[in-house]
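Student: mind looking at a prediction? Sequence and model below.
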Amino acid sequence: MKGERGALSIMACKSGKNFAERIVDNLNRLMHTDDKGTPFRLAQSEEITFANGEIKTIIKENIRGDDHYIVQCIDDPLSDNSINDNLMALLTAVNAAFQSDADSITAVIPQYPYSRQERKKTREGITARQIARFLEISGANRVITLDVHAEAIMGFFSYAKFEDLHASHTIINHFSKNYKTDNLVLVSADVGGAEKARFYSKEMHTDLAIVDKARDYSKVGVIESMRLVGNVKDKNVLIPDDMISTGGTIIIASRLLREKGAKKIFVACSLPFFNGRAKENLTKAYEEGLISKVIGTDAVFHGEQFLKNNLWYDEVSIAPLFAGVISHINAKKSVSELLR
Ligand code: R5P
């Protein structure tokens with residue numbers, strides 16, 4: 001017989017609060033109540049930033065023995081906190097849960113920080129591995145994330161379990177309901193994303209093309225060249241990517257695809273960061289008719305106003321998938337059945 005896990009409890013760091021509330025709503029829909037017969041809610045906690053910038057998290061209720069989940073969205077466009085502030089806030093929260101004697105501590109971080117530093121080329125650190133160590137040393141024994149940029153990161157954890165969820169089914173459902181899927185070709189914006197694009201193309205029964213992108217690593221965010229392998233002439237195109245940061249990759253790829261005869265160009269991503277001037281550049285690409293729509297998940301929470309003001313952007317919620325996975329882990333049920 002399977003042993004019981006502790007009571008399921010969830011708390012949020014400040015920047016994870018919006019997403020965590022959506023997870024809690026979905027948990028209440030799925031499971032109706034916790035095992036004490038009351039609806040789920042976020043455990044009370046406080047995140048304090050001192051005058052010198054240090055951060056402290058205090059958990060304001062008893063979580064001893066709980067199966068405890070801490071939600072943090074590290075890159076939060078609605079906050080002035082930097083990624084590093086939010087990472088530190090997460091680590092203080094995980095350690096507060098450890099000191100509070102939770103039985104199990106899961107960091108729910110849809111955006112794995114420093115995920116693009118998972119290998120080294122020259123004299124540089126493998127910072128994605130450092131993050132894994134920080135999480136484990138702080139007390140996390142499980143991490144749940146979304147479409148982690150590099151699968152090698154899974155192997156950076158010595159004892160914490162790692163669940164990498166995928167936004168593909170949620171995005172495909174949204175796309176199929178709202179846009180025409182005939183005459184569509186799936187395009188990967190770079191060779192690293194080919195596996196993801198191949199998955200989409202199989203699910204959507206379309207052809208596949210790949211853009212071969214070369215970066216100039218001596219300069220930050222500079223793309224050296226792009227060429228297309230495959231055919232997009234007179235086709236509508238969907239480009240799935242794990243993240244949009246500055247928007248450079250997808251805008252340059254879209255220009256190449258248009259040159260090669262593509263008609264409507266749609267973009268989908270799991271993590272719509274929209275850093276730097278991405279918003280302005282994507283608005284321009286939409287107004288010029290280059291990009292018809294960008295679809296992203298609420299794992300990067302932009303808020304109602306952003307959705308109203310940016311007609312080029314569709315948000316889909318990935319919180320139901322996170323809630324499903326959390327409820328299955330707590331009940332010791334299969335998670336892989338939710339990821340197919
Ligand atoms: C690259 O390997 C990633 O999958 C993304 O395509 C890239 O990080 C997006 O960055 P940006 O939007 O700044 O081009």
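Tutor: That came in fine, so what should we check first? Numbering: from 1, shown residues only.

Student: next, count neighbours for the closest residue to Ile251 other than its chain neighbours.
Tutor: In space, and not counting its chain neighbours, Ile251 is closest to Ala285: 5.5 Å by Cβ to Cβ, 6 or more residues apart in numbering. C-beta: built from backbone N, CA, C; applies to glycine. Using other Cβ atoms under 10 Å, Ala285 is surrounded by 21 other residues.

Student: repeat for the one 10 residues further on
Tutor: The local packing count at Ile295 equals 22, with neighbours defined by other Cβ under 10 Å.

Student: distance of it relative to Ser317?
Tutor: Between Ile295 and Ser317 the computed distance is 12 Å (Cβ to Cβ, to the nearest Å).

Student: same question for Gly289.
Tutor: Note on Gly289: its distance to Ser317, by Cβ to Cβ, is 28 Å.

Student: what about the strands in the stretch 201-340 of the chain?
Tutor: With DSSP state E, counting those that start in this stretch, the ranges of strands along the stretch 201-340 of the chain come out as 207-216, 222-229, 236-244, 265-272, 293-297, 313-316.

Student: the ligand: which of those strands is closest?
Tutor: Proximity to the ligand, assessed across the strands of the stretch 201-340 of the chain by Cβ to the nearest ligand atom, is greatest for strand 236-244 (4.7 Å).

Student: backbone phi and psi for Glu46, please?
Tutor: Backbone geometry at Glu46, expressed as degrees, to the nearest 10, gives phi -130, psi 140.

Student: give me the number of residues near the closest residue to it other than its chain neighbours?
Tutor: Leaving aside its sequence neighbours, Glu46 sits nearest to Ile58 (Cβ to Cβ, 6+ apart; 4.8 Å). Using other Cβ under 10 Å, Ile58 has 13 other residues around it.

Student: ok, the one 4 residues further on next?
Tutor: Residues contacting Asn62 under the criterion other Cβ under 10 Å number 12.

Student: could you say which of the strands of the stretch 201-340 of the chain is packed most deeply?
Tutor: The highest mean neighbour count among these, using mean count of other Cβ atoms under 10 Å, belongs to strand 265-272: a mean of 26.

Student: can you name every helix or strand that that one contacts?
Tutor: Judged by 3 or more Cβ pairs under 8 Å, 6 or more residues apart in numbering; DSSP states H and E, the packing partners of strand 265-272 are helix 168-178, strand 236-244, helix 248-259, strand 293-297.

Student: please redo it, this time with the cut-off set to 7 Å
Tutor: strand 236-244, helix 248-259, strand 293-297 (3 or more Cβ pairs under 7 Å, 6 or more residues apart in numbering; DSSP states H and E).
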